[in-house]
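**Q** Generate coordinates for the sequence data below:
(4 chains)
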Protein chains: 2
Amino acid sequence: MPDLNFSVLRFVPREGGYARGQEGFELILKTAVSVLVEHGYKDMTLRRIAKECGMKAGNISYYFKSKDDLVRALLQAISGSYETAISEATAGAGGDPESKLTQLISFILQDGTTRQTSYLFPELWSLANHDTFAKQCVDELYLSEHQRFDEIIGELNPALSADDRSVLSTFILSSIEGIGVFAGYGKYWQDAMPQLQATACRCFLEFVKSAKPGVSGTLSASAPELKP
Amino acid sequence: MPDLNFSVLRFVPREGGYARGQEGFELILKTAVSVLVEHGYKDMTLRRIAKECGMKAGNISYYFKSKDDLVRALLQAISGSYETAISEATAGAGGDPESKLTQLISFILQDGTTRQTSYLFPELWSLANHDTFAKQCVDELYLSEHQRFDEIIGELNPALSADDRSVLSTFILSSIEGIGVFAGYGKYWQDAMPQLQATACRCFLEFVKSAKPGVSGTLSASAPELKP
DNA sequence: TGCAATTCTTGACATATGTCAAAATATGAG
DNA sequence: CTCATATTTTGACATATGTCAAGAATTGCA
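**A** Numbering: from 1, shown residues only, chains lettered A, B, ... in the order given. Modelled structure (predicted):
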């Protein structure tokens, strides 16, 4: 069984109960994530989770009144954990906005090389496409990442408007996440990840620094203007 | 029921049989794709496909000896269809390598705004993570896209080495695909897609044209060299 | 129009799933 | 230790799934 390591998987604390109760609660969620990663949502059954927990399926119904409930807790825990991780990763960055951007990009790409992240996110994206609550969790997660990019871009190029910043943030964030799909754990271009990381840092840093206000205008809108 | 439009869904032709047989065969595959898109792989059951086909579940077993067989045919049809679409989309591009790159990027992003593509690919990525055959189909699809980028980049900047070209192709391809996850059909940043498209074209075109040989070197390897 | 090959339905099977109630067991404050 | 509370197992339920065999219905060539 491959190693799974969330830096920290954060749970909403349980009200009342014994210590054992909290253990069981967290074990179920951790194991559920593991099953989701290793087998996909399609095969994430209560009996499978229970078996890997060393307990019986009925016991999960004691902690979660339905599978839907379990999945919700799962999504919240995952979303919250990644938000926390991003927060901590960017908190330690030096004052230099250039290295902040480089560090943020590198952190996300590095995380994308783990089996967990590489296998988990397609499941999340699929879930988000068919479930409103899942979509909210994923959106929330990415909004917090988007905000980090927005801040850094503002420092790097103060001349840009809020709209320009937002589009650039979305552009860079989504590009970076896309790289994980192609060069993440077990993917075809996995070996090129170091080069991709260096390339992404160079390309986006340069682009943000040299961007002029209106950079995010659509192509047709950027047609040559009439001179007065 | 939202409209689904594969430009063309290509099938491996059936051997022998009546005309009705071919119809049923194609109907099942088309419907299976529709169910996969609308409900996700988890809920892509034979009975659901059959019901949407207006036939009984048992009949699918006549065309496909197992569900696994159906899924394989599905993946091949999808992979082949996208390869064909990419091929045709780039065939019509003018001789100018700049507009070729712009057109290819625009085509992929435009396709990513459709419900079909936006919902389908997370399913494919998830499948590829847990199934060898699915992984092969997805890899094959992306390899053919990668090759198009590689060719165009070679025209745009002949000074680059094959390694540089390949890394840049992977970088741009994955970035573009990532944008679909964030600004595709129904996604949070959907409204920003026109700006993202313009931004991506500007950023990557500029980057490729101005790239110097060795651009894909890792950051540590690009440390200042000792002068002799 | 016959009639053999093809397509489709019927109905069943074994197995799997989420859920639940009742009984059994474990926990830890007093 | 006692015992009320919390946790866990047991065993069942209704429903769902992929698969298959046998028979009914359809197709299209002669």
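**Q** just the helices in chain A please.
**A** Along chain A, counting by DSSP state H, helices occupy A:19-39, A:46-53, A:57-63, A:67-91, A:97-112, A:115-130, A:132-156, A:162-183, A:193-210.
**Q** gap between A:V12 and DNA strand C?
**A** The spacing between A:V12 and DNA strand C, counted by Cβ to the nearest atom of the strand, to the nearest Å, is 19 Å. (Each C-beta comes from the backbone N, C-alpha and C, glycine too.)
**Q** where in chain A is pLDDT low?
**A** A:1-8, A:93, A:219-228 (pLDDT under 70).
**Q** neighbours around the residue of it at minimum distance from DNA strand D, how many?
**A** Closest residue of chain A to DNA strand D, Cβ to the nearest atom of the strand: A:G21 (1.6 Å). Using other Cβ atoms under 10 Å in any protein chain shown, A:G21 is surrounded by 13 other residues.
**Q** pretty sure it contacts A:R14?
**A** Yes. A:G21 sits in contact with A:R14 when judged by Cβ atoms under 8 Å, with a separation of 6.4 Å.
**Q** Any idea how many residues pack against A:D96?
**A** 12.
**Q** What of A:R20?
**A** When neighbours are counted by other Cβ under 10 Å, A:R20 comes out with 8.
**Q** how far away is it from A:T31?
**A** 16 Å (Cβ to Cβ, to the nearest Å).
**Q** picking up where we left off before, need the contact list for the residue of chain A closest to DNA strand D.
**A** A:R14 (Cβ atoms under 8 Å, 6 or more residues apart in numbering or on different chains).
**Q** The one 10 residues further on now?
**A** Taking Cβ under 8 Å, 6+ apart, we find A:T31 in contact with A:I49, A:E52, A:C53.
**Q** quick one, what contacts the first one?
**A** What it means is A:I49. So A:I49 contacts A:I28, A:T31, A:A32, A:V35, A:I60 (Cβ under 8 Å, 6+ apart).
**Q** And those, which of them are buried?
**A** Among those, those scoring as buried are A:I28, A:T31, A:A32, A:V35, A:I60 (criterion: 16 or more other Cβ atoms under 10 Å in any protein chain shown).
**Q** pretty sure the first one is touching A:Y62, no?
**A** No. The pair A:I28 / A:Y62 is not scored as a contact, 9.9 Å apart, by Cβ under 8 Å.
**Q** How about whichever residue of chain A sits closest to chain B: what's its closest non-neighbour residue?
**A** Nearest residue of chain A to chain B (Cβ to the nearest Cβ) works out as A:G178 at 1.9 Å. Counting by Cβ to Cβ, 6 or more residues apart in numbering or on different chains, B:G178 is the residue found nearest to A:G178 once chain neighbours are left out, at 1.9 Å.
**Q** Just give me the neighbour total for the one you found.
**A** That count, for B:G178 with other Cβ under 10 Å as the rule, works out to 23.
**Q** near DNA strand D, which residues of chain A?
**A** Chain A has residues A:16-18, A:20-24, A:54-59, A:62-63 near DNA strand D, with proximity defined as Cβ under 7 Å from any atom of the strand.
**Q** Keep only those of the residues you listed that are also close to DNA strand C.
**A** Answer for those near DNA strand C (Cβ under 7 Å from any atom of the strand): A:Y18, A:R20, A:A57, A:G58.
**Q** contacting residues around the last one?
**A** In this structure, A:G58 makes contact with no residue, judged by Cβ under 8 Å, 6+ apart.
**Q** Next one: it relative to B:E15, how far apart?
**A** From A:G58 to B:E15 the distance is 50 Å (Cβ to Cβ).
**Q** Tell me how many other residues surround A:K67.
**A** A:K67 has 15 nearby residues by other Cβ under 10 Å.
**Q** got it, and A:G92?
**A** Based on other Cβ under 10 Å, the number of other residues close to A:G92 is 8.
**Q** picking that back up, in JSON lines: the helices of chain A, plus distance to B:T199.
**A** JSON lines is the format used below for the helices of chain A (distance: least, Cβ to Cβ, whole Å):
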{"stretch": "helix A:19-39", "distance to B:T199": "33"}
{"stretch": "helix A:46-53", "distance to B:T199": "43"}
{"stretch": "helix A:57-63", "distance to B:T199": "46"}
{"stretch": "helix A:67-91", "distance to B:T199": "23"}
{"stretch": "helix A:97-112", "distance to B:T199": "16"}
{"stretch": "helix A:115-130", "distance to B:T199": "22"}
{"stretch": "helix A:132-156", "distance to B:T199": "12"}
{"stretch": "helix A:162-183", "distance to B:T199": "5"}
{"stretch": "helix A:193-210", "distance to B:T199": "9"}
